[in-house]
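Peer 1: model the following, please.
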Amino acid sequence: MAGSITTAVRDWGREVLAGWNRFWFAAADPATLGLIRILGGAMMFYTHAVWSIGLNDFLGPNGLLPAESVKLLQQDTWAFSYLWWIEGSPALLWTAHIAALVIFAMLTAGLFTRVTSILALIITLSYVQRMPGALFGLDQVNTMLALYLAVGPSGEAFSLDRWRKSRRAGHPLPVRHSWTANLAIRLIQLHMCIVY
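Peer 2: Predicted coordinates for the structure are as follows:
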């Protein structure tokens with residue numbers, strides 16, 4: 001009797017572990033992540049382009065949210081924003097803002113995706129950390145998507161990167177399923193469940 005209970009518990013544990021591993025680490029097609037990259041990158045581009053309407057009003061030297069006030073609110077936290085160092089110069093602020101929009105456009109198109117996904121994460125975090133009083137939930141969702149797009153191979157499908165690789169190879173490349181694509185998709189799903 002005790003042996004059969006032990007065997008049943010051990011079998012149940014193996015099934016749970018196998019299900020856990022399948023859920024998180026099974027190889028998946030990167031197409032879903034590529035589609036999320038296109039839509040998420042376009043939304044990041046749009047939301048940051050909207051900041052252009054009043055960029056100096058929010059981030060300029062005499063803006064609505066002075067850097068000193070934001071730093072005071074965020075003291076003793078891990079908050080970081082490269083915007084704190086450049087907002088004193090409107091020309092430098094606009095240059096960095098336009099560069100951010102170019103990076104979001106490159107991410108959307110899937111150009112140099114590994115680098116642009118990490119840069120997009122840094123940019124979205126910098127805007128979120130710099131303007132805590134002027135944010136909506138979408139800004140946090142953009143940051144979450146940028147993180148998970150950087151985790152997974154978001155440039156492996158529907159991207160200029162993939163097109164360039166195929167062109168260099170001289171033929172269409174087969175789709176490479178990967179566990180990191182699955183992990184990124186599962187993290188997005190789980191995070192969205194928590195949000196809602």
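
Peer 1: where does pLDDT dip in this structure?
Peer 2: Scanning the chain for pLDDT under 70 picks out 1-2.

Peer 1: can we see that at 90?
Peer 2: Within the chain, the ranges that satisfy pLDDT under 90 run 1-9, 11, 54, 56-81, 83-90, 130-137, 172-175, 195-196.

Peer 1: residues in contact with the helix or strand containing Val128?
Peer 2: Secondary structure from DSSP states H and E places Val128 in helix 113-130. Around helix 113-130, the neighbours that count as contacts under C-beta atoms under 8 Å, 6 or more residues apart in numbering are 37, 41, 44, 48, 51, 59, 65, 67, 70, 74, 79-84, 87, 100, 103-104, 106-107, 135, 139-140, 142-143, 146-147, 149-150, 154-155, 159, 161. To be clear about C-beta, it is placed using only N, CA and C from the backbone, and glycine gets the same treatment.

Peer 1: likewise stretch 167-181?
Peer 2: The contact list for stretch 167-181 (C-beta under 8 Å, 6+ apart) reads 24-33, 151-153, 156-157, 162, 165-166.

Peer 1: residues in contact with Thr7?
Peer 2: If you count contacts by C-beta under 8 Å, 6+ apart, Thr7 has none.

Peer 1: my guess is Leu59 contacts Gly88, does it?
Peer 2: No - applying C-beta atoms under 8 Å, one finds Leu59 not in contact with Gly88, separated by 10.1 Å.
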